[in-house]
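Undergrad: Predicted coordinates and the sequence they were generated for:
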Amino acid sequence: MTKNELAAMVADKADISKEKANEVINAMTDEITAALARDEPVSLIGFGTFTQRQRSARKGKNPQTGAEIDIPASKSVGFKAGKALKASVN
């Protein structure tokens, strides 16, 4: 499902225009992104929780040359599915 398809479905269910649904989805993703940038978890009860995760620095290998390389520490986003989401998938 693409963002446009999601907006169309939300517009149909909420009886609003597709443009308004797209604005709502954009506002929601912008706020989730901003909260994660501030290292705040975002919990959507029944759906899941988004968190910022730390990846420590480590050694790796260049697959072409086999040479050892240093991979710097980085941040990533984690998602843990909620109980209702898990139940609907199984």
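TA: Looks like it came in fine.
Undergrad: per-residue pLDDT, Ala37?
TA: On the pLDDT scale, Ala37 is placed at 95.
Undergrad: Please report how far it lies from Ala14.
TA: In this view, Ala37 and Ala14 are 28 Å apart by Cβ to Cβ, to the nearest Å. C-betas here are computed from N, CA, C, even on glycine.
Undergrad: can you check Thr33 too?
TA: For Thr33, the distance to Ala14 - Cβ to Cβ - is 22 Å.
Undergrad: likewise Ile25?
TA: 11 Å.
Undergrad: So between those two, which is more surrounded?
TA: Ile25 (16 against 11; other Cβ atoms under 10 Å).
Undergrad: Give me the pLDDT for that one.
TA: Reported pLDDT for Ile25: 96.
Undergrad: counting contacts, what elements does the strand or helix carrying it pack onto?
TA: Applying DSSP states H and E as the criterion places Ile25 in helix 18-37. For helix 18-37, the packing partners by 3 or more Cβ pairs under 8 Å, 6 or more residues apart in numbering; DSSP states H and E come out as helix 3-14, strand 42-44, strand 48-55.
Undergrad: Can you say which of the ones you listed is nearest to Glu68?
TA: strand 48-55 (18.0 Å; Cβ to Cβ).
Undergrad: In its sheet, which strands sit next to the very next helix or strand once past that closest one, and in what direction?
TA: Sequence order places strand 58-61 as the next helix or strand after strand 48-55, per DSSP H and E. Strand pairing for strand 58-61, using DSSP bridges, gives strand 68-71 (antiparallel).
Undergrad: Any idea how far the strand it pairs with is from the middle of the chain?
TA: 27 Å (Cα atoms, centre = their mean, to the nearest Å).
Undergrad: what's the next secondary structure element after it?
TA: strand 74-81.
Undergrad: before we move on, what SS does the residue with the largest distance to the centre of the chain have?
TA: If you look at how far each residue of the chain sits from its centre, by Cα atoms, centre = their mean, the farthest one is Thr65, at 33.8 Å. Secondary structure, DSSP: H, G, I helix; E, B strand; the rest coil: Thr65 is coil.
Undergrad: For my notes, confirm Ile16 occurs in a strand.
TA: No. According to three-state DSSP, Ile16 belongs to no strand; its state is coil.
Undergrad: All set, thanks.
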